[in-house]
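Student: Quick check, what structure comes out for this input:
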Amino acid sequence: MSFQPNIVGAHLLFERKGHVLLGLRPPDALFAANVWHVPAGHVERESARACAVREAGEELGVTVTEPDLELVHAVHLLDTDDAVPRLQLFFRVHRWHGEPRLMEPDRCVEWRWWPLHALPEPTVEYTVAALEGIAHGWPYTDVGWPR
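Tutor: Numbering: from 1, shown residues only. Next up, the predicted model:
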């Protein structure tokens, strides 16, 4: 077996009164066109927490600080056999300042609060898996890996 770098994603779990914040991806998106997803981004040359803080400002126009983030789940994802593996980290946001608003209409066409027990169709598969894992108290889920 050879060394394989993994892409790391930081995902933000904003919750309010039993609802979770999801964004609808645009119809021309390269990933998950017309599909609902939590706010997220690729970790660049920064920590995963710093990425989550940055994405909260860029995507939602809200202020989040690193101490207000709690790592609640990890999804190790393999989309296809030849895809680059991805480690998707989900951070619960305990506090934020401001109200989420549409900041990048080319990447998200709408933000909406959805009941955790009634997610919209379609929602990104690994996001659904993470939310289910979080509800069960599981720290980790893998998706797409051969058994």
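Student: For the helix or strand hosting residue 132, give the mean pLDDT please.
Tutor: Counting by DSSP states H and E, the element that carries residue 132 is helix 125-136. For helix 125-136, mean pLDDT rounds to 98.
Student: Alpha carbons of that helix, as CSV, please.
Tutor: Provided in CSV are the C-alpha atoms of helix 125-136 (Å, rounded to 0.1, in the frame of the first residue of the first chain):
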residue,chain,number,x,y,z
GLU,A,125,-24.8,11.9,1.7
TYR,A,126,-21.8,12.3,4.0
THR,A,127,-23.5,15.2,5.7
VAL,A,128,-26.5,13.0,6.5
ALA,A,129,-24.2,10.3,7.7
ALA,A,130,-22.4,12.8,10.0
LEU,A,131,-25.6,14.2,11.4
GLU,A,132,-26.8,10.6,12.1
GLY,A,133,-23.5,9.8,13.7
ILE,A,134,-23.6,12.9,15.9
ALA,A,135,-27.2,12.1,17.0
HIS,A,136,-26.0,8.6,18.1
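Student: which residues touch that helix?
Tutor: 11, 13, 20, 22, 36-38, 72-73, 75, 77, 88, 90, 92, 116, 119, 139-141, 143 (C-beta atoms under 8 Å, 6 or more residues apart in numbering). No exception for glycine: its C-beta is placed from N, CA and C like everyone else's.
Student: Which PyMOL command selects the buried ones in those?
Tutor: To isolate the buried ones among those in PyMOL, judged by 16 or more other C-beta atoms under 10 Å, type:
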select buried, resi 11+13+20+22+36+37+38+72+73+75+77+88+90+119+141+143
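Student: Please list the members of the contacts of helix 125-136 that lie in strands.
Tutor: Using DSSP state E, the subset of those located in strands is 11, 13, 20, 22, 36-37, 72-73, 75, 77, 88, 90, 92, 140-141, 143.
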